[in-house]
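> Let's see this in three dimensions:
(chains A, B, C and D)
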Amino acid sequence: MTILAKHAGYRQAYDALLAHGVDPLNVRFDSVLSPTEGLWNGRRTILLGTNNYLGLTFDSDCIERAVEATRGQGTGTTGSRVANGTYDGHKRLEEALADFYGREHAMVFSTGYQANLGVLSTLVGRGDHLMLDADSHASIYDGSRLGMAEVIRFRHNNPDDLYKRLRRLEGVPGDRLIVVEGIYSMLGDTAPLKEIAAVKRETGAYLLVDEAHSLGVLGRTGRGLAEAAGVEADVDFIVGTFSKSLGSVGGFCVSDSPDFDLLRIVCRPYMFTASLPPGVMASTHEALKKLRAEPALRVNLMRNATRLYDGLTAMGFQTGPEPNPIVAVTMPDQTTAGVFWKMLLESGLYINLAVPPATPANASLLRTSISAAHTIQQIDTALDIFADVGRKLGFLQSDRRRAAGAL
Amino acid sequence: MTILAKHAGYRQAYDALLAHGVDPLNVRFDSVLSPTEGLWNGRRTILLGTNNYLGLTFDSDCIERAVEATRGQGTGTTGSRVANGTYDGHKRLEEALADFYGREHAMVFSTGYQANLGVLSTLVGRGDHLMLDADSHASIYDGSRLGMAEVIRFRHNNPDDLYKRLRRLEGVPGDRLIVVEGIYSMLGDTAPLKEIAAVKRETGAYLLVDEAHSLGVLGRTGRGLAEAAGVEADVDFIVGTFSKSLGSVGGFCVSDSPDFDLLRIVCRPYMFTASLPPGVMASTHEALKKLRAEPALRVNLMRNATRLYDGLTAMGFQTGPEPNPIVAVTMPDQTTAGVFWKMLLESGLYINLAVPPATPANASLLRTSISAAHTIQQIDTALDIFADVGRKLGFLQSDRRRAAGAL
Amino acid sequence: MRDDIAAIFEQVLGRPVAISDDTDIVEDLGMDSLGVMNFVMAIEDFYDLSIPLDRVAQIQTVADLIRAVEELKSGTAA
Amino acid sequence: MRDDIAAIFEQVLGRPVAISDDTDIVEDLGMDSLGVMNFVMAIEDFYDLSIPLDRVAQIQTVADLIRAVEELKSGTAA
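Next up is the predicted model:
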């Protein structure tokens, strides 16, 4: 017996995949060549599962700003923001984020995960209520666990269910904080934010939107779903990440709350962690400038996303409810999903295999994410590979019935 | 009323410092010139509070490896390790860490905070017991809160108290995991690891050591306290960080547990966060090579640490129990500590002001951390500045009584 | 209350179940975490209340569930 | 038990205290978090038991403390 033996049950599902030659947890890229291509097993592979929405990871200006900062300010800060970890680059990025969102305050965290952990565990406490969408990201659930507030789940994207639960709390003291995501990471669906904002107003709750997958993707200027839905004034806190559209690592929170800076002296996942290296701050800041200066990136991104979504839907695959830069295909079961995923990879297309318990409704998903940097040719090649594997596995017959013998 | 008003009480202590012109939370370095010097308010300032133990943040090889990796592999991975975030650089760093520690397995996390969160919340669960030193770092407490094990605190550095609490659990089912730190971050004292290892053996518990401040500092080859105490075979898990001696950001865990890789499919703070950028992996890997290749760094570090410790102790300041690269001076109260800290900074010396509730026994501390990169001249200058401020505040009179009127 | 709960189990699981106070919701009824969540939401709808997540985590048997619902209905939950 | 607890309070606080079941340990006795921890450790020594952190977090009044100690001594803690 080992101390980890308690988790052995989780290995069974994984071993079942391994028995089919499917090993999604050990994909190691020999080299990554561009935002859309990597070398896997010595072969050029299209990357269609990297959340690299604007394709800025290889932008030459972002790289050169990172290089300059690393050479000029060193490889790391070796300290937390509240000790020696506040460099000019951290402050300037915070100022740029506040300016971009038109908010008074911005705070940078060392990861997006820690941004959610820190903000959710601090804004509400004992006697308060945290209202979470049932399909929330793990970092939101973990943040709710770290804090002391009562956590209540409402049905995914269901403002009526949220309203009902807030109404049940009428007369109960304490603050309520509603947490939703701009784009949900598994199926690519957006929150019904207009309706949720109305619930928030009627019930006197606070509203936080995690724009991790929607920053640089949605909204006229790329600020995310709150901008696209026209309800920015109702959103009290926006949380986001640098590790998707901004091509680096880290997280942030912006707000107009006048006492926002209190977070800097009470928020443990902010206070007790080293701040990000100068090079990461510099490339992130430059990527934010590109996001603002080049709206064409969002146009290309949505063109690519819609082309992939429409193509997969037309072939008869079961896709999510709306075309967004996350497009997921629902598979009948985990083994089929695993084999499909492996055949795509061996055909030169990398996407994500998403299986229970990390998925909504325990679905087995082939999850893709699209980049502005994909060429139309790459999207079409991806569609061809999907069609080819789909045919081989019996998905694309006229009755779209899966050939039972295909496995 | 705002949602943050619940924390307004914390502002009072801070406002009291501000009233004396002391603002420890808003030290913004215009520029950092080297591991030991920064520009603050336009003035060259000795950095003596940065945890930059080996001074590798400006090492030209570390910088060039970071530059190459950023140019070659991009500014970020835009994905978690279990999705698209496993690059060659992540695997090679894990292999290098396992090799350095002589362990079978190594896992890299995106921050040291998340390493503790992930490992502590996963190794033990419902029905298990987590035995924490009462003075544990915030990341250890937060990891214990995220998990489902019962958390029991024992008196700081007291193996008898630990033993007594484990004995009380005799006959209770479930695993026990003891967690201690190599060097405690506030006072620089080491854990009595030989004695704690004996308790572990006698009670059948598991033992985890957080070597955050001791990696590259203690032990014949720099592996930390477990090596220095000669009890590596008793330590089941070692956790550490890249943001101190290795000069970047991130965390790790190494172990010989045969099923260690189960962590990769059950550990949420590992699975649900973006992996570190290629440049960070590259500079960290190079720093680990330097740590191994240049034992002189540790010699210089201990020479500097001992010189500062002995110098401050000889002046009559109340220092910690042993000379280590963290040297803390205990002040009589928070205001005196704040004023002392501010006068040091205005004299060209940056250290950390550490006040309750972040300190053991609610002490108010002037915390320094020493680097191998400090020159003897810098250490002596620091001592001179301490002496000068100490005299002005009435500390260095023959009776060492603080002049009541000094403030 | 036990009859109502049994009816809700049947509705969520799509098959008749026999329950007693000692029935373990996960082990005896073979529910996975999604099933538990759907079941909890159905219970919440039926009794017009919300069971906070940390309370859900403490519920193992039918008796635990009945106690949680009763406490939440009477407003005496810890 | 209340007399023993009062004696331990006096020892930790260094002054006599009057306590009842309703006494709020933090508010009425003016203890900070360090004081609470020292007090809890003294209680643990006296009764030869350990109070897990999540139980400590739930203890607000003297009555809460007495209940926690009794449950832990009899092994009926949740």
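
> now the strands: where do they sit in the stretch 1-150 of chain A?
A:31-34, A:37-40, A:43-47, A:105-109, A:129-133, A:150-154 (DSSP state E, counting those that start in this stretch).

> and of these, who's closest to chain B?
The closest of the strands of the stretch 1-150 of chain A to chain B is strand A:31-34. By Cβ to the nearest Cβ, the value is 5.2 Å. Quick note: C-beta positions are derived from backbone N, CA and C, even for glycine.

> can you give me the offset of that closest one from its chain's centre?
21 Å (Cα atoms, centre = their mean, to the nearest Å).

> and it, what does it pack onto?
Counting contacts by 3 or more Cβ pairs under 8 Å, 6 or more residues apart in numbering or on different chains; DSSP states H and E, strand A:31-34 is packed against strand A:37-40, helix B:60-73.

> which parts of the first one are buried?
Going back to what we said before, that points to strand A:37-40. Using 16 or more other Cβ atoms under 10 Å in any protein chain shown as the test for burial, strand A:37-40 gives A:37, A:38, A:40.

> One more: the last one?
Residues of helix B:60-73 classed as buried under the neighbour-count rule (16+ other Cβ under 10 Å) are B:62, B:63, B:65, B:66, B:67, B:69, B:70, B:71, B:72, B:73.

> Can I get the residues you listed in TSV including pLDDT?
Formatted as TSV, those follow (pLDDT from 0 to 100):
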residue	pLDDT
B:62	98
B:63	98
B:65	98
B:66	98
B:67	98
B:69	98
B:70	98
B:71	98
B:72	97
B:73	97
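
> Report the secondary structure state of residue A:269.
Here residue A:269 is recorded as helix under DSSP: H, G, I helix; E, B strand; the rest coil.

> Please report the distance of it from chain B.
To chain B, residue A:269 is 7 Å away according to Cβ to the nearest Cβ, to the nearest Å.

> The closest residue to chain D within the stretch 301-407 of chain A - nearest residue in space that isn't next to it in sequence?
Across the stretch 301-407 of chain A, no residue is closer to chain D than residue A:357, which sits at 24.5 Å (Cβ to the nearest Cβ). With Cβ to Cβ, 6 or more residues apart in numbering or on different chains as the criterion, residue A:357 has its nearest non-adjacent residue at 5.8 Å, and that residue is residue C:33.

> hmm, back to that, wait, which of the buried residues of helix B:60-73 is closest to residue B:236?
Proximity of the buried residues of helix B:60-73 to residue B:236 (Cβ to Cβ) peaks at residue B:62, which lies at 30.7 Å.

> how close does residue A:228 sit to chain B?
Counting by Cβ to the nearest Cβ, the gap from residue A:228 to chain B is 22 Å.

> so who does that residue touch?
A:190, A:214, A:218, A:219, A:220 (Cβ atoms under 8 Å, 6 or more residues apart in numbering or on different chains).

> Can you get me a residue count around the residue nearest to residue A:357?
Residue C:33: 11 surrounding residues under other Cβ atoms under 10 Å in any protein chain shown.

> now residue A:19
Neighbours around residue A:19, by other Cβ under 10 Å: 10.

> Which pLDDT value does the model give the closest residue to residue A:381 other than its chain neighbours?
Distances taken as Cβ to Cβ, 6+ apart place residue A:46 nearest to residue A:381, at 6.4 Å, with adjacent residues excluded. Predicted confidence (pLDDT) for residue A:46: 98.

> And for residue C:15?
87.

> which stretch of helix or strand covers it?
Using DSSP states H and E, residue C:15 sits within no helix or strand.

> Where do the strands of the stretch 151-300 of chain A begin and end?
A:176-181, A:206-210, A:237-241, A:251-255.

> For the residue of the stretch 301-407 of chain A found nearest chain B, what are phi and psi?
Using Cβ to the nearest Cβ, the closest approach of the stretch 301-407 of chain A to chain B is made by residue A:352 at 5.2 Å. Main-chain dihedrals, residue A:352, degrees, to the nearest 10: phi -100, psi 140.

> what number of residues lie near it?
25.

> if we can go back for a sec, quick one, which of the strands of the stretch 151-300 of chain A is nearest to residue B:115?
Comparing the strands of the stretch 151-300 of chain A by Cβ to Cβ, strand A:251-255 comes nearest, at 17.1 Å.
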